[in-house]
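Trainee: structure for this input, please:
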Amino acid sequence: MEGKFTSTKLGTIVSGAALAAMGIILFTNPQSAMLAVIVMLGWVLVVMGIASLASSLTRWSVILSTTDLYAGVIELLFGILLVNIPGFFATWIFVLLGIFILASGLNSLYGANVLRALGLPGAGAAKGGAILAVVLGALVLISPGLFADAAMSICGIALVCCGIVRIMDGVRMPDDARPA
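Mentor: Reported below is the predicted structural model:
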């Protein structure tokens, strides 16, 4: 068991350095990083669409080949759109997120009002949290690009932290303690 950990010491340190480097890139250039992630996702969908279309042409089952055909066309078209206009999708992801946060906040506000009407404790804190969610959802809807950059920066910070922890784990691993 110990041999398994010692053989991965260099890999742990290298993967930690890679995580930290990716985190620095995300933190320092969040907008370009987000567009790059969307373009990569688009290429993955293009490849998956082509594979699904090829699969649909090689199947003998009518139902499965038709399903693969439709899935392949949708994957291919959506992938092409992601590759060609990634900025549009970056904005729409956060518009949809803003709508979700706003709706969730309104739902929580309704629940907080029910708590208050029932005279249960914690209604004030629940109402405060719900109002905060409504305001945050409205802000995301007003300026989705700002929140997209903030989200990528937060992801960058998290990756740097994970990378540092991983490097420290690798450094603390035993050097080459081979079992006898």
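
Trainee: Leu102: neighbour count?
Mentor: The tally of other residues near Leu102 (other C-beta atoms under 10 Å) stands at 19. To be clear about C-beta, it is placed using only N, CA and C from the backbone, and glycine gets the same treatment.

Trainee: just want the most central residue of this structure.
Mentor: Residue closest to the mean C-alpha point of the chain, counted by C-alpha atoms, centre = their mean, is Cys155 at 8.8 Å.

Trainee: does that one touch Leu26 like I think?
Mentor: Yes - Cys155 is within contact range of Leu26, at 5.4 Å (criterion: C-beta atoms under 8 Å).

Trainee: show me which helix runs longest in the chain.
Mentor: helix 86-118 (DSSP state H).

Trainee: same question for it, mean pLDDT?
Mentor: Averaged over helix 86-118, pLDDT sits at 86.

Trainee: list the helices and strands that helix packs on?
Mentor: The helices and strands touching helix 86-118, judged by 3 or more C-beta pairs under 8 Å, 6 or more residues apart in numbering; DSSP states H and E, are helix 30-58, helix 123-142, helix 144-172.

Trainee: in TSV: these, plus distance to Phe100 and mean pLDDT.
Mentor: Shown next, in TSV, are the helices and strands packed on helix 86-118 (distance: least, C-beta to C-beta, whole Å; pLDDT from 0 to 100):
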stretch	distance to Phe100	mean pLDDT
helix 30-58	18	89
helix 123-142	8	88
helix 144-172	12	86
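
Trainee: name the nearest residue to Met48, ignoring sequence neighbours.
Mentor: Glu75 (4.9 Å; C-beta to C-beta, 6 or more residues apart in numbering).

Trainee: any idea which element that neighbour lies in?
Mentor: Counting by DSSP states H and E, the element that carries Glu75 is helix 62-84.

Trainee: buried residues in that helix, which are they?
Mentor: Applying a neighbour-count criterion of 16 or more other C-beta atoms under 10 Å, the buried positions in helix 62-84 are Asp68, Leu69, Ala71, Gly72, Glu75, Leu76, Phe78, Gly79, Leu82, Val83.

Trainee: cool, stretch 118-130 as well?
Mentor: By neighbour count on 16+ other C-beta under 10 Å, the buried set for stretch 118-130 is Ala123, Ala126, Lys127, Ala130.

Trainee: just the C-alpha atoms of it, please, in CSV.
Mentor: Coordinates of the C-alpha atoms in stretch 118-130 are reproduced here as CSV (Å, rounded to 0.1, in the frame of the first residue of the first chain):
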residue,chain,number,x,y,z
LEU,A,118,-47.5,31.1,11.7
GLY,A,119,-45.5,32.9,14.3
LEU,A,120,-42.5,30.5,14.1
PRO,A,121,-39.1,31.7,15.1
GLY,A,122,-36.5,32.6,12.5
ALA,A,123,-38.9,34.3,10.1
GLY,A,124,-36.9,37.5,10.2
ALA,A,125,-33.7,35.8,9.2
ALA,A,126,-35.4,33.8,6.5
LYS,A,127,-37.0,37.0,5.1
GLY,A,128,-33.6,38.7,5.1
GLY,A,129,-32.0,35.8,3.3
ALA,A,130,-34.8,35.7,0.8
